[in-house]
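>>> Structure for this input, please:
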Amino acid sequence: MKIIENRERSIQKKFFVNEKENEKIKLMMKKTGITNFSVFARRACCNKEIFTLDFSEYKNIISEISSTKSELKRIGNNINQIAKHLNENKNNQTESLIEAYQKNQSPKHKARDDDFEI
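Numbering: from 1, shown residues only. Predicted coordinates for the structure are as follows:
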């Protein structure tokens, strides 16, 4: 490479791209009317604001959502097991269990262990 004295920009930067990225760069250069890649790269790199997002404050929220999701899955599994048991019950006590549960929900009726015998 030739060394040119009194060059305004003396530091060279190199990077690699794949075919798709190269075609995108060429297309963008054509759209902007810039024919010199060095000019295009400098403008693309130096004239844009680069910002970072800090998601550390959201980590607690994300972990809480994840644990809630796990709990809901367990509850769903329990409900499915109960439904399967009720559907497979040979004595077909489903209606009597539902009636006993509904009776238990009324404020006048106190829950008793013998209301839910299977």
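
>>> can you list the weak-confidence ranges in this protein?
Low-confidence segments of the chain (pLDDT under 70): 1-4, 50, 89-94, 106-118.

>>> Of all residues in this structure, which one is nearest the centre?
Averaging the C-alpha coordinates of the chain gives a centre point, and the residue nearest to it by C-alpha atoms, centre = their mean is I62 (9.2 Å).

>>> which SSE is that one in?
In this structure, I62 sits in helix 59-88 according to DSSP states H and E.

>>> now do E8
Counting by DSSP H and E, E8 is part of no helix or strand.

>>> What is the burial count for it?
E8 is flanked by 5 other residues according to other C-beta atoms under 10 Å. Where you see a C-beta, it was placed from the backbone N, CA and C, and this is true even at glycine.

>>> M29 now?
For M29, the neighbour count with other C-beta under 10 Å is 17.

>>> what's the nearest residue to it if we skip its chain neighbours?
Nearest non-adjacent residue to M29, counting by C-beta to C-beta, 6 or more residues apart in numbering: F40, 5.1 Å away.

>>> next one: the helix or strand hosting that neighbour to chain centre, how far?
According to DSSP H and E, F40 maps onto helix 37-46. Its chain's average C-alpha position is 34 Å from that of helix 37-46, according to C-alpha atoms, centre = their mean, to the nearest Å.

>>> The residue nearest to the centre of the chain and S70, how far apart?
I62 sits 13 Å away from S70, taking C-beta to C-beta, to the nearest Å as the criterion.

>>> same check, this time on K30
Distance, K30 to S70, by C-beta to C-beta: 51 Å.

>>> likewise E21?
40 Å.

>>> Does anything pack onto the helix holding I62? Which helices or strands?
Contacts defined by 3 or more C-beta pairs under 8 Å, 6 or more residues apart in numbering; DSSP states H and E place helix 59-88 against helix 94-105.

>>> List the residues that contact the residue nearest to M29.
For F40, the contact set (C-beta atoms under 8 Å, 6 or more residues apart in numbering) comprises I25, M28, M29, T32, I34.
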